[in-house]
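J.: Sequence first, then the predicted structure:
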Amino acid sequence: MNAQRLSDRLTRVASYVQLGSIVADIGSDHAYLPCYLIHHQIAKKAVAGEVAKGPYESAQRQVLEEQLDDKIEVRLANGLSAIAQDDLVDTVTIAGMGGPLITTILDQGFEKLKTVNRLILQPNIHAKAIREWAMTNGWNLIAEEILLEEDKIYEILVLERGEMKLSEAQTLLGPFLMEARNEAFYLKWSKESAEWNRILGAIRIAQSSREVQMKKEEIEEKLKIVKEAISK
């Protein structure tokens, strides 16, 4: 992977960036995504934010090598603190983190989202947390994808401002993903179900308590939801 040729998951993330956007890529690592977006004339400007010094320096080097330092500003900052008000960022991308961490970043930098009209989020795990966050904070899912790359399963969620209500099943599985039900979807939930059944087996021999019973009921409900979705 490089700034000219992204991984499949980042290529799909890039596909949801609208032409002429001003993008803030949070947790940008080598800044491959912002460089790609500028090279392909998708974004007109970009901010690459990194909280750790090593990746920040890697991103700086990459932007200079690509001769894009007039279009991309690399900033050492925690989460959305990388965005300044006069950047007029309209699109935020966050890829390669867990869903709960992504929602923490969005919560902590919520004021930075004033000019933002699209969030493109690629959680490695627990996408459910993002759907819950969206419903609570006035964001609406407009697209979702699930894909398999190098034996890992990734989800991509695209949000725009608006009200949204999801059922318990839609919140867990994703409304668009439930409709498409591709191979990666089946694989993900088959693996999840196997793990939940393993946990249930351990719970059944554990000392009974209210917490243990609640965990058992939670897992059984998830298994029921997944079974119904897959069997349709």
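T.: Great, that's in hand. Just so we're clear, the structure is a prediction, and the values are computed from it rather than from any experiment. Residues are numbered from 1 along each chain as shown.
J.: Just the helices from the chain, written as ranges.
T.: Under the criterion DSSP state H, the chain contains helices at 8-15, 32-39, 53-65, 99-108, 128-137, 168-173, 175-180, 183-204, 210-231.
J.: Could you list the single helix or strand in this structure with the lowest mean pLDDT?
T.: helix 210-231 (a mean of 89; mean pLDDT, DSSP states H and E).
J.: Can you tell me which of the helices of the chain is nearest to Gly162?
T.: Relative to Gly162, the nearest member of the helices of the chain by C-beta to C-beta is helix 128-137, separated by 9.3 Å. From N, CA and C alone the C-beta is placed, and that goes for glycine too.
J.: Just want the most central residue of this structure.
T.: The residue lying closest to the centre of the chain (C-alpha atoms, centre = their mean) is Gln122, at 2.4 Å.
J.: any chance of the helices of the chain in a markdown table, plus distance to Asp25 and mean neighbour count?
T.: A markdown table is the format used below for the helices of the chain (distance: least, C-beta to C-beta, whole Å; neighbours: other C-beta atoms under 10 Å):
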| stretch | distance to Asp25 | mean neighbour count |
| --- | --- | --- |
| helix 8-15 | 9 | 19 |
| helix 32-39 | 5 | 24 |
| helix 53-65 | 9 | 17 |
| helix 99-108 | 12 | 20 |
| helix 128-137 | 17 | 19 |
| helix 168-173 | 27 | 19 |
| helix 175-180 | 23 | 15 |
| helix 183-204 | 24 | 14 |
| helix 210-231 | 32 | 13 |
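J.: Dump the ones you listed to CSV, plus distance to Val116.
T.: Converted to CSV, these look like this (distance: least, C-beta to C-beta, whole Å):
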stretch, distance to Val116
helix 8-15, 16
helix 32-39, 16
helix 53-65, 21
helix 99-108, 10
helix 128-137, 12
helix 168-173, 23
helix 175-180, 21
helix 183-204, 28
helix 210-231, 32
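J.: Any idea which of those gets closest to Glu160?
T.: Nearest to Glu160, of all these, is helix 128-137, at 9.8 Å by C-beta to C-beta.
J.: Contacts for the closest one, please.
T.: Residues outside helix 128-137 that contact it (C-beta atoms under 8 Å, 6 or more residues apart in numbering) are 98-100, 102-103, 106-107, 110, 121, 123, 139-141, 157, 159, 164-166, 170-172, 174.
J.: With just CA atoms, put it into PDB.
T.: The C-alpha coordinates for helix 128-137 follow below in PDB (Å, rounded to 0.1, in the frame of the first residue of the first chain):
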ATOM      1  CA  LYS A 128     -22.600  -1.200  16.900                       C
ATOM      2  CA  ALA A 129     -21.100   1.600  19.200                       C
ATOM      3  CA  ILE A 130     -21.100   4.000  16.200                       C
ATOM      4  CA  ARG A 131     -24.700   3.300  15.300                       C
ATOM      5  CA  GLU A 132     -25.700   3.900  18.900                       C
ATOM      6  CA  TRP A 133     -23.700   7.200  18.900                       C
ATOM      7  CA  ALA A 134     -25.300   8.300  15.600                       C
ATOM      8  CA  MET A 135     -28.800   7.900  16.900                       C
ATOM      9  CA  THR A 136     -28.000   9.800  20.100                       C
ATOM     10  CA  ASN A 137     -26.200  12.700  18.400                       C
END
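J.: Next, the angle from it to helix 210-231.
T.: Interaxial angle, helix 128-137 versus helix 210-231 (axes from the mean of the first three to the mean of the last three C-alpha atoms, to 10 degrees): 90 degrees.
J.: Off-centre distance for helix 128-137?
T.: 12 Å (C-alpha atoms, centre = their mean, to the nearest Å).
J.: Same check on stretch 93-111?
T.: Worked out by C-alpha atoms, centre = their mean, stretch 93-111 lies 8 Å from the chain centre.
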